[in-house]
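[1] how would this look folded up:
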Amino acid sequence: MRGMKTGYVFLAIFSLLLFASAAQAQGILGTKHNLTATGTGTVKSSTPDGAGGPEVCVFCHTPHGSDTTVEAPLWNRAVNVSGYTMYTSPSLDGTVDAQPTGVSVACLSCHDGTIALDALRNLPGSGSYTNTPAATGTSAWTFVGGTGTGNKYMPATAITNLGMDLRNDHPISIDYASAMSPSATSGVNDHATGFKSPGVINPTADTYFTNGIKLSAGKVQCNSCHDPHRSDNATFLRINNSGAGNQQSAVCLTCHKKDG
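    Okay, here's the model as predicted:
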């Protein structure tokens, strides 16, 4: 009897995991991150689904042979770890990593525009694995809406193609607790008057503000503001940026104090 109960518990947990995975994939299907031929975005595969074409999750994740050096789950893509110019400005007062770190490395593997959409470690099916995927791609797939050979790269003129010069983008891989800025009214350049607190910041795991904006191991990364699996907010934002009432720019004002 005890064995049967244990089996039922295992099946229940396994079913919940399957349901969660299916729900996550379902959420992707209607977003621009669905790069299969049935995707709704302008950039997608021109190789039909079910005819040797890609699967929706394969562009980022693989169940086997993932890149464990990347801080993203079961990562399946080639990445760049050097060659970036990080954000800087005369007003920046904080500790920024010399190169992108954390999950931002994963995001940039598409969004820096230098790595093909199909630069994958593990393609669907058997016999197509490599632990050193070429940045030029590893499949015979072609795409529409992209740029370069086979249209396999992020569109050159799209705002989503960040390039490797990140000086005109919000800083990433920056330590939140050490950042300093005056609020709109204080005139004092420190952290407490310039930035809001999520509570105790965990230096090795995620720390969330109450509205869902998060710090990754104490740092602002791409996924602090964006969730690649969400379709309910524009541009994959974690929260609605327009806020409620007169609380506009809700994403920005989660961290930044601009009214004292």
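[2] can you find the helix or strand of this protein with the lowest average pLDDT?
    Using mean pLDDT, DSSP states H and E, helix 2-29 stands out as the lowest-scoring helix or strand of the chain, at a mean of 47.
[3] what is the subsequent helix or strand relative to it?
    Scanning forward in sequence from helix 2-29 by DSSP states H and E, the next helix or strand is strand 44-45.
[4] packing partners for whichever helix or strand comes after that next one?
    Later in the chain than strand 44-45, the nearest helix or strand by DSSP H and E is helix 104-111. Contacts defined by 3 or more C-beta pairs under 8 Å, 6 or more residues apart in numbering; DSSP states H and E place helix 104-111 against helix 222-225. Just so you know, the C-beta spots here come from the backbone N, C-alpha and C atoms, and that holds for glycine as well.
[5] go with 6 Å
    Packing partners of helix 104-111 (3 or more C-beta pairs under 6 Å, 6 or more residues apart in numbering; DSSP states H and E): none among the helices and strands.
[6] ranges for the helices of the stretch 151-260 of the chain?
    191-194, 222-225, 250-255 (DSSP state H, counting those that start in this stretch).
[7] among the ones you listed, which is nearest residue 210?
    helix 250-255 (9.0 Å; C-beta to C-beta).
[8] starting at the chain centroid, how far to that closest one?
    With C-alpha atoms, centre = their mean, to the nearest Å as the basis, helix 250-255 stands 18 Å off its chain's centre.
[9] check stretch 172-184 too.
    Relative to its chain's centre, stretch 172-184 lies at 21 Å (C-alpha atoms, centre = their mean).
[10] adjust the sequence numbering to begin at 48 for everything that follows.
    OK, 48 is where the count begins now, so the last one is stretch 219-231.
[11] restrict it to CA atoms and write it as CSV.
    Written as CSV, here are the backbone C-alpha positions of stretch 219-231 (Å, rounded to 0.1, in the frame of the first residue of the first chain):
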residue,chain,number,x,y,z
ILE,A,219,23.4,45.0,-17.6
SER,A,220,25.7,43.0,-15.4
ILE,A,221,25.7,45.9,-13.0
ASP,A,222,25.8,45.4,-9.2
TYR,A,223,22.6,46.9,-7.9
ALA,A,224,23.5,47.5,-4.3
SER,A,225,26.6,49.5,-5.2
ALA,A,226,24.9,51.8,-7.7
MET,A,227,24.6,55.4,-6.6
SER,A,228,22.4,58.2,-7.8
PRO,A,229,20.6,61.2,-6.4
SER,A,230,16.9,61.2,-6.5
ALA,A,231,15.1,64.0,-8.2
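[12] in it, what's buried?
    Within stretch 219-231, the residues that qualify as buried by neighbour count (16 or more other C-beta atoms under 10 Å) are 219-223, 226, 228-230.
[13] in a markdown table: these, plus pLDDT and distance to residue 99.
    Below are those laid out as a markdown table (pLDDT from 0 to 100; distance: C-beta to C-beta, whole Å):
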| residue | pLDDT | distance to residue 99 |
| --- | --- | --- |
| 219 | 98 | 36 |
| 220 | 98 | 38 |
| 221 | 98 | 42 |
| 222 | 98 | 45 |
| 223 | 98 | 45 |
| 226 | 96 | 48 |
| 228 | 93 | 52 |
| 229 | 91 | 57 |
| 230 | 86 | 56 |
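[14] closest to residue 107 out of the helices of the stretch 198-307 of the chain?
    Closest among the helices of the stretch 198-307 of the chain, using C-beta to C-beta: helix 269-272, at 12.5 Å.
[15] quick check: mean pLDDT of that closest one?
    What helix 269-272 shows for mean pLDDT is 98.
[16] now that helix, how far from the centre of its chain.
    The answer for helix 269-272 is 7 Å, by C-alpha atoms, centre = their mean.
[17] over to stretch 241-258?
    Counting by C-alpha atoms, centre = their mean, stretch 241-258 comes out at 18 Å from the chain centroid.
[18] measure that stretch end to end?
    19 Å (C-alpha to C-alpha, to the nearest Å).
[19] can you list the buried residues in that stretch?
    Result for stretch 241-258 [16+ other C-beta under 10 Å]: buried residues 241-242, 245, 254, 256.
[20] do stretch 163-178 as well
    163-170.
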